[in-house]
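Chemist: Okay, sequence plus prediction incoming.
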Amino acid sequence: MVLLVLKWLRSRWLQILVHAGALIPLAWISWQYAQGLFLIDPVREITTFTGRGALILLLLMLACTPINTLFGFKQVLRLRRPLGLYAFIYASLHFATFVWLDYGFELGLLVEAVFAQRYVVVGFAAGLILLALAITSPRSVQKRLGKNWKLLHRLAYLAGILAIVHFAWLVKDIRVPLRYGAVLALLLVLRIPRVRKTLGSARHKLRKRLSSSFPSSP
């Protein structure tokens, strides 16, 4: 029994790490809010936390394919779906904090905020894309959509761009959003077919050289 558990943990350790990394901070901030431990502005702190969490998880999801291209680490490809779903969950909590804690479900104030503040429109558009990606993430839906599924899920990059613009328009100091933007730009460059092909061939050549330099023992 113990060996079976260890084998399962060995084959699922990356997925476990993703789930723990996404859920533990969420549980921590929920506990802080329930205990009234926020000293200054709890709504602002929760909004910032969930917004950055959604952006980080989205960038991690987009990084899975380039990591496989650079290092041949296919296991990370299994993380794209959970990372994308957690990005959607954090984005949903970010929006819920805005609607509920910040505006108290006041429809008139919400409509006014949407049209008066451009960062809200951009952030809402990014959230809608994440919603579409989450709905179409099950394998049964993927099979129905066929090739259109891949085309739809490329919108994740657009969601990332919109989220970074939303972040930049929301804060006074744009240095942090620009860092996220630089990461996204790098991920976009690594997805260019010619760049992917060049990096993939370089990785194969390096692997051959290493295998010839350090042959496995008989």
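Modeler: Sure, I can see it. Numbering: from 1, shown residues only.

Chemist: three-state assignment of Lys172?
Modeler: Assigned by DSSP: H, G, I helix; E, B strand; the rest coil, the conformation of Lys172 is coil.

Chemist: What about it, how many residues nearby?
Modeler: Around Lys172 there are 4 other residues, counting by other C-beta atoms under 10 Å. C-beta: built from backbone N, CA, C; applies to glycine.

Chemist: ok, it to Thr48 distance?
Modeler: For Lys172, the distance to Thr48 equals 13 Å [C-beta to C-beta, to the nearest Å].

Chemist: Pull out the CA atoms of the least confident helix or strand in the chain by mean pLDDT and give them to me as PDB.
Modeler: One helix or strand of the chain scores below all others by mean pLDDT, DSSP states H and E: helix 107-116, with a mean of 70. Backbone C-alpha positions of helix 107-116 (Å, rounded to 0.1, in the frame of the first residue of the first chain) are rendered in PDB as follows:
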ATOM      1  CA  LEU A 107     -25.900  48.100 -10.000                       C
ATOM      2  CA  GLY A 108     -26.000  51.800 -10.700                       C
ATOM      3  CA  LEU A 109     -22.600  52.400  -9.100                       C
ATOM      4  CA  LEU A 110     -21.200  49.400 -11.000                       C
ATOM      5  CA  VAL A 111     -22.400  50.600 -14.400                       C
ATOM      6  CA  GLU A 112     -21.000  54.000 -13.600                       C
ATOM      7  CA  ALA A 113     -17.600  52.500 -12.600                       C
ATOM      8  CA  VAL A 114     -17.500  50.400 -15.800                       C
ATOM      9  CA  PHE A 115     -18.000  53.300 -18.100                       C
ATOM     10  CA  ALA A 116     -16.000  55.900 -16.000                       C
END
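
Chemist: who does that helix touch, helix- and strand-wise?
Modeler: helix 118-135 (3 or more C-beta pairs under 8 Å, 6 or more residues apart in numbering; DSSP states H and E).

Chemist: Which residues in the helix it packs on does the neighbour count mark as buried?
Modeler: Under the neighbour-count criterion of 16 or more other C-beta atoms under 10 Å, helix 118-135 has 120-123, 126-127, 129-130, 132-134 buried.

Chemist: and whichever strand or helix holds Leu59, what other elements does it pack with?
Modeler: Assigned by DSSP states H and E, Leu59 belongs to helix 42-71. Helix 42-71 sits against helix 2-34, helix 80-96, helix 118-135, helix 155-170, helix 175-190, helix 193-213, with contacts defined as 3+ C-beta pairs under 8 Å, 6+ apart.
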